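Asks: Structure of the sequence below:
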Amino acid sequence: MKKIIINASEVITCSGYEAKYGKEMTDIKPILRGAVVIEDGLITKVGSQENILKEINIDDYEIIDAAGNTVMPGFVDSHTHFVFGGYRAEEFSWRLRGDSYMDIMKRGGGIVSSVKSTREASIEELVANGNKRLDSMVKLGVTTVEGKSGYGLDLDTEIKQLEAMKILKDKRQDIDIVSTFLGPHAVEKVYKGREDEFIEYQISEVLPKVIEQKLAEFADIFCEENVFSIEQSRKFLQAAKSCGLKLKIHADEIVQLGGAELAAELGAISADHLLQASDKGIEALAQKKVIANLLPGTAFSLKEDFANARKMIDRGCAVALSSDLNPGSCFTNSIPLIIALAALHMDMRTEEIITALTINGAASVDKQKLIGSIDPGKKADILILDFPSYHFLPYHIGMNIVKTVIKAGKIVVEN
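Replies: I've put the predicted structure just below:
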């Protein structure tokens, strides 16, 4: 079916087939009174409505009327843990009384608590709960999401999490799922004090099954003090890369450990969190063109300082923004919250935020040539906002202003 979006007050294209770095992040390439032509789920034309209507016979197209509205690319939430068992609501209250995230981990809370619940959950439960979370994401305008394992730590549960994501990927037509193997998310209890052995277990026992069953595109590790060292992270990521997986890394979240530098050294697609990234690490990310994927919801939830997005952008990094939806440190998938935090607490311009959630989010999952902008040849993943200007995204604080979600040319949500 051929479709055309007309009468938009503006079309924010974020045009490009690569990530946007530094000052480029403000260039969202708006078209006033724009139109978008869609055929077979792909964008075929974008430009001023006046010019496009001269090139086509509008009677051949189904009309999507965006009168008085802003049109923009779908959001890409490029760092989540949306498949998990159980919840950790009481830990939030513990943090409110002053307990630190690391203190909670030491007494059996944190990631290890979610591991127990996820091991106990059936794959049907994981699929059903993951499905509900995806429903919520789509309503907020997310058209592509990355999901990680990591609440299994053992072979069976890591595979179960990734299989649940595969079932959802095959089932859903309204959102694309990119899967990441995060086996070294925490230290398995029986391996405490023997972290090198645990890394070897992940490499020799779990990783081959992930590869054999084609369950992931990326590998990731929690590189952090009292979790996995730089040397252990390097060993795991090099092994994953040699098996054909692309790399991500939880880097420099709590302690300045050198995770950003390691991401640059290994040619990772993204380095994520980066609250404590060093100046040297930031320079390395910019030089090696590693996406700096920032997760302000987690810093907000943990009452930590936010990642220095302004410094990263000013020094030439490509910054992406993600929700980090997970059952512990950040139980939210609210893109409106992420937008508000980035604007009000991270000194990001509205245009930079849009870039971070679209084309740079796409680059963070290595899909920038397929999604993330309104360009000919890309998948027609498009949002229609319920206001005439993109400036309403941060201005209408914390509110969902997505009116219509179009996935691969099909309307999947009308809020």
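
Asks: per-residue pLDDT, the spatially closest residue to residue 216 that is not a sequence neighbour?
Replies: Excluding the flanking residues, the one nearest residue 216 by C-beta to C-beta, 6 or more residues apart in numbering is residue 181, at 4.0 Å. Any C-beta I mention is one placed from the backbone N, CA and C, and that applies to glycine too. Residue 181 carries a pLDDT value of 99.

Asks: so how far is the first residue of stretch 146-153 from its last?
Replies: Length of stretch 146-153, first residue to last, C-alpha to C-alpha, to the nearest Å: 19 Å.

Asks: Can you mark which positions in it are buried?
Replies: Across stretch 146-153, burial judged by 16 or more other C-beta atoms under 10 Å covers 146, 147, 148, 149, 150, 151, 152, 153.

Asks: what's the answer for stretch 125-139, then?
Replies: 126, 127, 129, 130, 131, 133, 134, 137, 138.

Asks: Next, give phi and psi for the residue nearest to residue 164 when sequence neighbours are not counted.
Replies: Nearest residue to residue 164, sequence neighbours excluded (C-beta to C-beta, 6+ apart): residue 126, at 4.0 Å. With angles defined as degrees, to the nearest 10, residue 126 shows backbone torsions of phi -60, psi -40.

Asks: circling back to that earlier point, for the buried residues of stretch 125-139, which one is nearest residue 228?
Replies: Of all the buried residues of stretch 125-139, residue 126 has the smallest distance to residue 228: 24.8 Å, by C-beta to C-beta.

Asks: Specify the beta-bridge partners of residue 176.
Replies: residue 144 (DSSP bridges).

Asks: burial measure for it, as a count.
Replies: By the measure other C-beta atoms under 10 Å, the count of residues near residue 176 is 22.

Asks: mind checking pLDDT for it?
Replies: 98.

Asks: Does it touch residue 147 like I think?
Replies: No - with contact defined as C-beta atoms under 8 Å, residue 176 and residue 147 do not form a contacting pair (10.7 Å).

Asks: coming back round to it: surely the residue nearest to residue 216 meets residue 214?
Replies: No - counting by C-beta under 8 Å, residue 181 does not reach residue 214; the two are 11.2 Å apart.

Asks: Settle it for me: which of those two has more neighbours?
Replies: Taking other C-beta under 10 Å, residue 181 and residue 214 do not tie; residue 181 has more neighbours (30 against 11).

Asks: Nearest residue to the residue nearest in space to the middle of the chain in space, please, no chain neighbours.
Replies: Most central in the chain under C-alpha atoms, centre = their mean is residue 78, positioned 1.3 Å from the mean C-alpha point. Residue nearest to residue 78 in three dimensions, not counting chain neighbours: residue 364, with 3.8 Å by C-beta to C-beta, 6+ apart.

Asks: Look up how far residue 335 lies from residue 219.
Replies: 26 Å (C-beta to C-beta, to the nearest Å).

Asks: What of residue 305?
Replies: Relative to residue 335, and taking C-beta to C-beta, residue 305 is found at 22 Å.

Asks: cool, and residue 74?
Replies: 11 Å.

Asks: any residues in contact with both of those two?
Replies: 141, 142 (C-beta atoms under 8 Å, 6 or more residues apart in numbering).
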